[in-house]
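**Q** this is a predicted model, with the sequence first.
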Amino acid sequence: MFGHPLHPAVVHFPLALLLSATFADLVWVAGLTTDTHIGAILMSGGLAAGLIAMGAGMFDLTRLDQALVPHAVRHMLAVGLAWCGYGVALYLRRDSLSASASLGSATIALSLASALFLAFGGWLGGRLVYTFGAGVSRTRP
C-alpha cells in the first residue's frame, strides 16, 4: 500500500490473538480458570485476522524478488499449518464458543503444536525481512 508491503503491518493481529488463545488454554490446563470461552473467542478472531494477513501476504508475494520465493514458501507452509491446526482446534472446541466447556486433550495438543508452528513461521517471516530485506527499499525517496 502506497509503495509499502501490507503483510508486515497486519500479521501482528493474528499472531497476538492466536498465541493468546494458546496461553488461555494453558491457563485452563493449569486450573487457574474454568473459562474456556475466552480462548475460543481469541482463536476465532485470530483465524479471521489470519485470513486478512494471508491475503496481504499473497499480494506482497507477487512483488517479491524471485530469489526469496523459496524462503517465502517455507514461511507460508509453517503459518498455513498453524492456521489449519488452530482451525481444527476451534472446531473441536466449538461448544465453548457459546459457553464455557471442557477442553479435550486433542484440542490442547493442537493449540500447542499450532503455536509452535506459528512461532516458527513468524521467525521465518522475520528472516525474510531482517536477513534478506524482503520489502525493504534500498533507495531513498
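**A** Looks like it came in fine. Numbers count the residues shown, from 1 in each chain.

**Q** roughly how far apart are Gly125 and Met54?
**A** According to CB to CB, to the nearest Å, Gly125 and Met54 sit 12 Å apart. All C-beta spots, glycine's among them, are computed from the backbone N, C-alpha and C.

**Q** overlap in contacts, the two.
**A** Val79 (CB atoms under 8 Å, 6 or more residues apart in numbering).

**Q** higher neighbour count, these two?
**A** Per other CB atoms under 10 Å, whichever of Gly125 and Met54 has more neighbours is Gly125, with 24 against 18.

**Q** go ahead and confirm the more buried one touches Val73.
**A** No. Contact criterion CB atoms under 8 Å: Gly125 and Val73 do not qualify, at 11.9 Å.

**Q** mind listing what Leu124 touches?
**A** Neighbouring residues of Leu124 by CB under 8 Å, 6+ apart: 71, 74-75, 78.

**Q** if we go to 6 Å?
**A** 74-75, 78 (CB atoms under 6 Å, 6 or more residues apart in numbering).

**Q** now, which of those sits nearest Met43?
**A** Closest to Met43 out of the contacts of Leu124 is Ala78 (18.1 Å), distances taken as CB to CB.

**Q** for the residue lying closest to Leu81 once chain neighbours are set aside, what are its contacts?
**A** Nearest-residue entry for Leu81: Phe117, 4.9 Å, with adjacent residues in sequence omitted and distances by CB to CB, 6 or more residues apart in numbering. Neighbouring residues of Phe117 by CB under 6 Å, 6+ apart: 78, 81-82.
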